[in-house]
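# sequence and computational prediction follow.
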Amino acid sequence: MKKPVIGIVPLVDAGRDSLWMLPGYMDAIAHAGGLGVMLPLAEDGADIRRLLEGCNGVLLTGGHDVSPALYGQEVLPVCGELCPARDRMEGELLRQAIDRDLAVLGICRGMQFMNVALGGTLYQDLPTQRPSDCDHHMAAPYDREAHRASLVRGTPLAELLGGDEMGMNSCHHQAVRDLAPQLAPMALAPDGVTEAVYMPGKRFVWGVQWHPEFSWRVDKRSRKIFAAFVAGCGGE
């Protein structure tokens, strides 16, 4: 069987005028039997359609904050750096990927963007808009547990991992506020923040708020998530 090709959204460094990639995304995909390819920062619908012709799945990575304009809010001072070009690219990329029923995995910002693109909203900054004792913004090293979360019974993530809860490496300051109508929760933090989502009725459209790309070498649950994603892309 040919390895499925997975298009990975690039990380953007405006200061260095560069696109780049964390090796953890590609290494975890490769370990699970896939072939990760960093995509260009394309915005044109025809260009993205052409790119997706060569992909079996899409990985929406972490990075910049999602623009509040996309969910009808003004930018607050606590909102972080934005990247409009990436927002535009991911909006078209996600729409086409879902229309083609390609497998999609969103990590951190990727899950947040998925929620916004499908009609949900975000907290622009958890510490000021939804403060709690739960550590959502851990310090390095990032391959350890920051907090635990409850798995929603009957969801694909709970069936994959087993048990009622799991630990996760959490590093974010934005989070799902109003969940998009097409998404359902798969994991919840102790303070109620949504930690994982999926789109029922699709082959594989998942979002996770934590960072399995940092923990996959030491955490079998992270490896299982990447394995399930690659399998959803048509891999073994």
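The structure has been received and is ready for your questions. Numbers count the residues shown, from 1 in each chain.

# with just CA atoms, put the longest helix that the chain contains into CSV.
Longest helix in the chain, counting residues (DSSP state H): helix 84-99. This file holds the C-alpha atoms of helix 84-99, laid out as CSV (Å, rounded to 0.1, in the frame of the first residue of the first chain):
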residue,chain,number,x,y,z
PRO,A,84,-4.6,37.0,7.8
ALA,A,85,-3.0,35.2,4.9
ARG,A,86,-3.0,32.0,6.9
ASP,A,87,-6.6,32.5,7.9
ARG,A,88,-7.6,32.9,4.3
MET,A,89,-5.6,29.8,3.2
GLU,A,90,-7.0,27.6,5.9
GLY,A,91,-10.6,28.7,5.3
GLU,A,92,-10.4,27.6,1.7
LEU,A,93,-8.3,24.5,2.5
LEU,A,94,-10.7,23.3,5.2
ARG,A,95,-13.7,23.9,3.0
GLN,A,96,-12.4,21.9,0.1
ALA,A,97,-11.0,19.1,2.3
ILE,A,98,-14.3,18.6,4.0
ASP,A,99,-16.2,18.7,0.6
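
# can you map out the strands along this protein?
Along the chain, the stretches classed as strands by DSSP state E are 5-8, 11-13, 18-20, 35-38, 57-60, 103-107, 122-123, 147-151, 165-168, 175-176, 184-188, 194-198, 205-208.

# got the ones you listed as JSON lines, with mean neighbour count columns?
The C-beta positions use only the backbone N, C-alpha and C, and glycine is treated the same way. Formatted as JSON lines, these follow (neighbours: other Cβ atoms under 10 Å):
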{"stretch": "strand 5-8", "mean neighbour count": "22"}
{"stretch": "strand 11-13", "mean neighbour count": "17"}
{"stretch": "strand 18-20", "mean neighbour count": "12"}
{"stretch": "strand 35-38", "mean neighbour count": "18"}
{"stretch": "strand 57-60", "mean neighbour count": "27"}
{"stretch": "strand 103-107", "mean neighbour count": "27"}
{"stretch": "strand 122-123", "mean neighbour count": "22"}
{"stretch": "strand 147-151", "mean neighbour count": "19"}
{"stretch": "strand 165-168", "mean neighbour count": "19"}
{"stretch": "strand 175-176", "mean neighbour count": "24"}
{"stretch": "strand 184-188", "mean neighbour count": "20"}
{"stretch": "strand 194-198", "mean neighbour count": "26"}
{"stretch": "strand 205-208", "mean neighbour count": "26"}
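
# out of these, which is closest to Asp133?
Smallest distance to Asp133 across the strands of the chain (Cβ to Cβ): 9.3 Å, for strand 147-151.

# for that closest one, list the C-alpha coordinates in PDB.
Below are the C-alpha coordinates for strand 147-151, written out as PDB (Å, rounded to 0.1, in the frame of the first residue of the first chain):
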ATOM      1  CA  HIS A 147      -3.500  18.700  33.200                       C
ATOM      2  CA  ARG A 148      -6.000  15.900  32.700                       C
ATOM      3  CA  ALA A 149      -9.200  15.900  30.800                       C
ATOM      4  CA  SER A 150     -12.400  13.800  30.700                       C
ATOM      5  CA  LEU A 151     -13.100  11.800  27.600                       C
END
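
# tell me what that strand is packed against?
In terms of contacts (3 or more Cβ pairs under 8 Å, 6 or more residues apart in numbering; DSSP states H and E), strand 147-151 is packed against helix 156-161, strand 165-168, strand 184-188.

# any idea which of those gets closest to Ala139?
Nearest to Ala139, of all these, is strand 165-168, at 14.9 Å by Cβ to Cβ.

# which neighbours does that closest one have in its sheet, and in what orientation?
Here strand 165-168 is paired, per DSSP bridges, with strand 147-151 (antiparallel).
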